[in-house]
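In: Need a 3D model of the following:
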Amino acid sequence: MHTVVLVLVEVVIVIGLSRLVGLAFRWINQPLVIGEIVAGIMLGPSLFGLVAPGLAATLFPPETIPFLNVLSQVGLIFFMFLIGLELNPKYLSGNLEVAILTSHVSILVPFSLGTLLALLLYPLVSNASVSFTAFALFLGAAMSITAFPVLARIITENNLQGTRLGTLALTCAAVDDVTAWCLLAVAIAVAHTGSIVKAIPTIIYSLIYIGLMVTVGRTFLQRLAKYYRRIRRLSQFVLALIYVGVVASALITELIGIHLIFGAFLLGAAMPKDAGLVREIAVKTEDFVLIFLLPVFFAYSGLRTQIGLLNSPELWALSLAVLAVAIIGKYVGTYVAARVSGIDNREASALGWLMNTRGLTELIVLNIGLSLGVISPLLFTMLVIMALVTTFMTSPLLELTYPKKLIKLDMVEQEPEETGIDTCTDEDPHSRPYRILVPVANPSSQKGLMQLAVAIAVNYQQPAVIYPLSLIELEEDYAFESTPLEADRLIAERRQQLEELISRLEPSEAGSYVHPIVRISNNVARETAQISLLKQVNLILMGWHRPAFSQNRLGGRVGQILTTAPVDVAVFIDRGEERLESLLVPYSANIHDDLALILALRLLVNRPTCRLVILHVVEDNQVKNELSYEFRTIMEQMPQSLRDRIDIKTVEATEPIQAVVAASEAVDLTIAGTSRAWGIERHTLGRYTDELAIKCRSSLLITRRYSQFTSHLASVLSNNKSEVKS
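Out: Residues are numbered from 1 along each chain as shown. Next up is the predicted model:
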């Protein structure tokens with residue numbers, strides 16, 4: 001009983017640390033799984049056992065290791081089933097001839113280099129009980145692996161699934177996956193029998209079983225899929241049958257003499273790819289596997305990883321040689337094959353880095369080799385380091401080789417600036433469109449936000465573009481929603497929701513100015529800032545929400561965008577008031593208040609019945625600040641018809657916030673700059689602004705100005721003035 005309790009304590013520690021370290025790695029734009037692997041290594045002798053050997057021995061005694069092994073093996077069985085389940089034949093639709101050539105060369109080159117490296121490593125890090133053939137096959141297979149789940153996730157997060165590069169990479173990885181697993185199966189058979197000749201019966205049995213699975217097994221699975229399509233839900237009985245099939249298939253391949261994981265993978269690959277069935281199986285299965293079982297596998301692997309074994313410069317040099325062979329073999333093999341196939345230099349290079357990622361798939365292979373005794377703990381450690389480094393380097397090198405500005409940001413038809421609306425020269429700056437980026441978290445509830453964007457941007461005198469931005473955040477690695485096909489479905493679904501929102505905007509012709517962007521993202525604030533630069537927007541207009549762990553309404557993602565976006569930002573707090581006939585701008589003469597005035601004046605120009613009150617609040621006996629030079633200049637340019645609708649009031653008050661709140665009772669929208677005069681601090685944007693957000697009687701727009709040269713108001717006023725004169 002004591003051992004079981006200790007195992008449960010270990011599981012709690014493993015899951016907690018895996019989540020924390022994984023999130024830290026997500027923060028630096030790395031796959032969460034890399035952080036989870038590192039967390040497993042941290043719990044082993046490489047760190048925890050080094051700094052606190054007594055405590056490590058108490059928490060992870062030898063008698064608990066078999067329990068962790070059993071849990072990790074169950075996790076691997078179902079993880080491999082999920083990989084096979086998500087390996088859709090549709091991924092093989094992208095230029096298959098090029099993909100087959102590129103994929104096989106990307107396996108052949110590292111496999112050949114790995115077997116050559118085996119000549120050097122075998123006498124140094126192996127022993128006589130392991131045949132050179134088995135050792136060389138395993139090392140070659142380890143060098144050849146591409147982690148399809150990690151690659152698919154990277155492609156999805158970078159929105160590459162609709163590009164030629166993404167399609168080709170997925171096809172190559174799918175072909176690579178099948179070929180590499182076949183090589184590994186041969187390597188395992190040889191390791192069990194000692195030679196290729198003795199492994200022939202095992203290989204024949206494996207081929208017979210594969211034949212049975214794709215004929216008899218697939219026929220039975222098709223009946224399950226037909227039953228699912230009839231009842232339109234996955235019952236517990238059907239799911240139980242599938243799980244029994246997974247375990248039974250795993251046992252058969254283990255008895256044949258390859259490994260448990262192959263049977264699970266084979267059943268997943270043989271499953272009919274009915275979208276609804278695959279989605280339900282994946283969703284019901286993956287949470288427990290990814291959250292509970294896989295971290296245990298990482299911890300089990302970490303307990304077997306001993307970086308301390310690399311205790312000399314010579315061993316570190318060997319480790320670097322392993323890393324170099326892995327990178328050069330994969331990258332060069334892929335790059336050369338892609339170039340020969342007619343792929344241009346940049347895409348071929350990006351494809352090489354994508355195929356170089358190894359991730360969890362590599363870790364599975366290494367654990368099999370270590371369990372069979374084919375590779376030693378020393379070589380295991382070297383190869384774990386190689387797997388981490390090659391996966392870690394993929395995202396930054398992909399960004400360097402194939403930056404986001406080269407990736408089409410959205411799938412809609414060409415936007416106005418691409419069809420000639422933004423073909424102005426430096427001599428004609430006022431003809432540039434006024435662009436607003438509107439992050440839309442929930443299309444069904446943010447009509448007010450979009451309606452305000454239309455009111456600010458659209459005046460029928462100056463070109464305008466409104467970009468509703470809907471970012472679909474993927475929070476977990478390997479989750480079914482991160483597969484490219486499922487991501488495409490989510491994007492199409494969200495785009496339809498945005499189109500419905502756009503169709504409800506008033507006036508109806510406003511829809512022609514609106515061009516939605518839907519993307520996958522793992523960091524909403526950072527992605528929003530990047531898109532604002534790429535689209536050269538003048539303003540980010542967003543709604544607000546209360547963060548889960550903060551009382552500050554301008555915290556969380558809203559606060560991140562407010563403090564980091566390199567463009568003007570405005571946050572809209574909607575009280576449900578649809579009218580925009582009366583506006584209030586509290587003014588204290590700073591650039592953020594100037595942005596508030598600019599937006600208010602745009603509304604004034606665009607809505608002939610709208611009136612504006614500028615409230616200049618000063619404390620008792622305080623020197624009254626003058627209106628800014630920019631605002632006075634703008635006022636001088638205004639036609640009399642606009643000035644007649646502006647009322648400037650000066651109020652002395654001990655508490656400026658209370659004066660603003662009182663004045664807000666008589667207006668439809670209050671527009672306030674993020675000014676220190678109102679108590680708004682730089683980082684949190686402050687408790688006083690939060691108080692204004694709570695107490696303001698009207699809808700509230702909080703503005704933060706980034707640049708003094710982005711108003712685009714002069715052209716509107718000049719157009720308006722010319723119309724008045726005519």
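
In: which SS class is I375?
Out: Under the three-state scheme (DSSP: H, G, I helix; E, B strand; the rest coil), I375 adopts coil.

In: Can you tell me how far Q222 is from V214?
Out: Using Cβ to Cβ, to the nearest Å, Q222 is found at 11 Å from V214. Where C-beta positions appear, they are placed from N, C-alpha and C, glycine not excepted.

In: next one: L239
Out: 22 Å.

In: Select the helix or strand of the protein having the lowest average pLDDT value.
Out: When each helix and strand of the chain is scored by mean pLDDT, DSSP states H and E, helix 713-725 comes last, with a mean of 52.

In: I'd like to know which elements the top strand by length along the chain is packed against.
Out: Criterion DSSP state E: the longest strand present in the chain is strand 464-473. Contact here means 3 or more Cβ pairs under 8 Å, 6 or more residues apart in numbering; DSSP states H and E; on that basis strand 464-473 packs against strand 434-439, helix 447-457, helix 484-503, strand 517-521, helix 524-534.

In: Just give the strands next to the first one in its sheet, each with its orientation.
Out: Read that as strand 434-439. Strand pairing for strand 434-439, using DSSP bridges, gives strand 464-473 (parallel), strand 539-543 (parallel).

In: Pull out the buried positions in the first one.
Out: This means strand 464-473. Residues of strand 464-473 classed as buried: 464-472 (neighbour count, 16 or more other Cβ atoms under 10 Å).

In: Equivalent analysis for stretch 310-319, please.
Out: In stretch 310-319, counting by 16+ other Cβ under 10 Å, buried: 310, 315, 318-319.

In: Pick the one among these closest to V150.
Out: S319 (21.8 Å; Cβ to Cβ).

In: need the contact list for the closest one.
Out: S319 makes contact with 310, 381-382, 385-386, according to Cβ atoms under 8 Å, 6 or more residues apart in numbering.

In: between the residues you listed, which is nearest R575?
Out: I385 (56.6 Å).

In: hang on, the earlier thing: neighbour-wise, which of the contacts of S319 leads?
Out: M382 (26 neighbours; other Cβ atoms under 10 Å).

In: Leaving out chain neighbours, which residue sits closest to it?
Out: S319 (4.4 Å; Cβ to Cβ, 6 or more residues apart in numbering).

In: Starting from the helix or strand hosting that neighbour, tell me the next helix or strand along the chain.
Out: Applying DSSP states H and E as the criterion places S319 in helix 313-340. For helix 313-340, the following helix or strand on the C-terminal side (DSSP H and E) is helix 345-355.

In: Just the mean pLDDT for the longest strand of the chain, thanks.
Out: Mean per-residue pLDDT for strand 464-473: 91.

In: and that strand, how far out from the chain's middle?
Out: Here strand 464-473 is found 17 Å from its chain centre; the criterion is Cα atoms, centre = their mean, to the nearest Å.

In: CA atoms only for it, dumped as CSV, please.
Out: Output of strand 464-473 as CSV, limited to C-alpha atoms (Å, rounded to 0.1, in the frame of the first residue of the first chain):
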residue,chain,number,x,y,z
ALA,A,464,-11.5,52.5,-45.2
VAL,A,465,-10.9,48.9,-44.3
ILE,A,466,-12.1,47.1,-41.2
TYR,A,467,-10.4,43.8,-40.3
PRO,A,468,-12.4,41.7,-37.8
LEU,A,469,-9.7,39.4,-36.4
SER,A,470,-10.7,36.1,-34.9
LEU,A,471,-7.8,34.1,-33.4
ILE,A,472,-8.4,30.5,-32.6
GLU,A,473,-6.1,29.7,-29.7
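
In: thinking again about what came up before, flag every buried residue along the helix holding S319.
Out: Neighbour-count burial for helix 313-340 [16+ other Cβ under 10 Å]: 315, 318-319, 322-323, 325-327, 329-339.
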